[in-house]
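Chemist: Build me a model from this:
(one chain, ligands or ions: 1)
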Amino acid sequence: MNKYDLSGKIALVTGGAQGIGLSVATRMYESGAHVVIVDIDEVFAQTALAAMPDRSSFHNLDITKPDLVERNLKEIHQSLGSIDILVNSAGIAGPNAKVIDYKFNDWKQILEINLDGTFNMCRATIPYMVANNYGRIVNIASVAGKEGNPNAAPYSTSKAGVIALTKSLGKEHADLNIAINCVTPAAAKTRIFDQMSQEHIDFMLSKIPRGRFLEVTEAASMIAWLCSEENSFSTGAVFDLSGGRATY
Ligand SMILES: NC(=O)c1ccc[n+]([C@@H]2O[C@H](COP(=O)([O-])OP(=O)(O)OC[C@H]3O[C@@H](n4cnc5c(N)ncnc54)[C@H](O)[C@@H]3O)[C@@H](O)[C@H]2O)c1
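Modeler: The predicted structure is shown next:
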């Protein structure tokens, strides 16, 4: 594994208890960062922490609650001294159905976690990065946000929102040593698959020219570079992880 030097950096990873977020958290830990896992799954988070015996902590935090997010970020900053890296991986897929059959509450919940949650975390974190003239943020969007998957409109819409949010934020802070980017993965086999129909999983695989699912470590590799000091120029950009699916 190539290593980017993240020693001394404080890295927050939402959804870091499992899946892509856990792979990112692990890679950052192995690269020398102090990792703060932000998640609502206490059991998975404790297992994750056990594998990172020093330089790690856990905040049981629902990212959809703006006041709680502000308070937790203040505590993290006070106790650790800075917030250098934020990776927003927390998200849900929601059920698969056509828009005409979608329940409004399901639509709202997906938008609330995937888009509002990412907004809440970015808004609460960036002022600390501005004060320090340093920060790296990666939001995990999805190729669904570019392509608009059938039977997953709320998910696709939320991820298109994350892409636009990232582009706006990148421009707003491009005058500082702050880089804000997003990645657009194709499907990776994690527990998020439990929320989807087999038909939808088969559809996603059929769309990937590589002919296989993305490995979470492949996502972590690109994200680690985006979060390193070496990424000193790219910001407000969308990095493809779709195995050849995305056409732009
Ligand atoms: N796995 C894929 O196929 C795939 C493809 C493209 C994009 N993504 C995106 O990557 C990200 C990670 O997905 P994953 O596959 O690792 O999913 P996952 O289900 O394995 O992990 C998601 C984590 O987010 C946490 N979470 C959910 N709601 C939360 C909330 N309100 N507050 C805090 N934490 C919360 C969960 O507890 C869980 O630990 C998601 O944003 C997902 O949309 C995944």
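Chemist: Backbone dihedrals for the residue with the largest distance to the centre of the chain, please?
Modeler: Distance from the C-alpha centroid of the chain peaks at residue 100, with 28.8 Å (Cα atoms, centre = their mean). Dihedral pair for residue 100: phi -70, psi -20, per degrees, to the nearest 10.
Chemist: Tell me the spacing between it and the ligand.
Modeler: Using Cβ to the nearest ligand atom, to the nearest Å, residue 100 is found at 23 Å from the ligand. For the C-beta atoms, the positions are set from N, CA and C on the backbone; glycine is no exception.
Chemist: now residue 8
Modeler: To the ligand, residue 8 is 26 Å away according to Cβ to the nearest ligand atom.
Chemist: That residue should be in a strand, yeah?
Modeler: No: with DSSP: H, G, I helix; E, B strand; the rest coil as the criterion, residue 8 is coil rather than part of a strand.
Chemist: number of nearby residues for it?
Modeler: Using other Cβ atoms under 10 Å, residue 8 is surrounded by 12 other residues.
Chemist: Any idea how many residues pack against the closest residue to it other than its chain neighbours?
Modeler: Closest residue in space to residue 8, ignoring its immediate chain neighbours: residue 32 at 7.0 Å, by Cβ to Cβ, 6 or more residues apart in numbering. Look at residue 32: counted by other Cβ under 10 Å, it has 15 neighbours.
Chemist: Ok, residue 75 next?
Modeler: 11.
Chemist: Can you check the pLDDT for it?
Modeler: pLDDT recorded at residue 75 is 98.
Chemist: which parts of the helix or strand containing residue 48 are buried?
Modeler: Assigned by DSSP states H and E, residue 48 belongs to helix 42-50. Within helix 42-50, the residues that count as buried by 16 or more other Cβ atoms under 10 Å are 44, 45, 48, 49.
Chemist: And these, which is closest to the ligand?
Modeler: Among the buried residues of helix 42-50, residue 44 lies closest to the ligand (Cβ to the nearest ligand atom), at 5.7 Å.
Chemist: per-residue pLDDT, the closest one?
Modeler: For residue 44, pLDDT reads 98.
Chemist: and what of residue 70?
Modeler: Residue 70 is given a pLDDT of 98.
Chemist: From what I see, it and residue 121 are in contact.
Modeler: No: assessed by Cβ atoms under 8 Å, residue 70 is found out of contact with residue 121, at 10.2 Å.
Chemist: near the ligand, from the buried residues of helix 42-50?
Modeler: Within the set of the buried residues of helix 42-50, contact with the ligand (Cβ under 6 Å from any ligand atom) is found for residue 44.
Chemist: now the helices: where do they sit in this structure?
Modeler: 19-30, 42-50, 66-80, 104-111, 117-132, 144-147, 153-172, 198-206, 216-226 (DSSP state H).
Chemist: Look at residue 70 and residue 121 and report which has more neighbours.
Modeler: residue 121 (25 against 14).
Chemist: The more buried one and residue 169, how far apart?
Modeler: Relative to residue 169, residue 121 is positioned 11 Å away (Cβ to Cβ, to the nearest Å).
Chemist: what's the overlap in contacts for the two?
Modeler: Between them, residue 121 and residue 169 share no contacting residue under Cβ atoms under 8 Å, 6 or more residues apart in numbering.
Chemist: Can you name every helix or strand that the helix holding residue 48 contacts?
Modeler: Other elements packing on helix 42-50 under the criterion 3 or more Cβ pairs under 8 Å, 6 or more residues apart in numbering; DSSP states H and E are helix 19-30, strand 34-39, strand 56-60.
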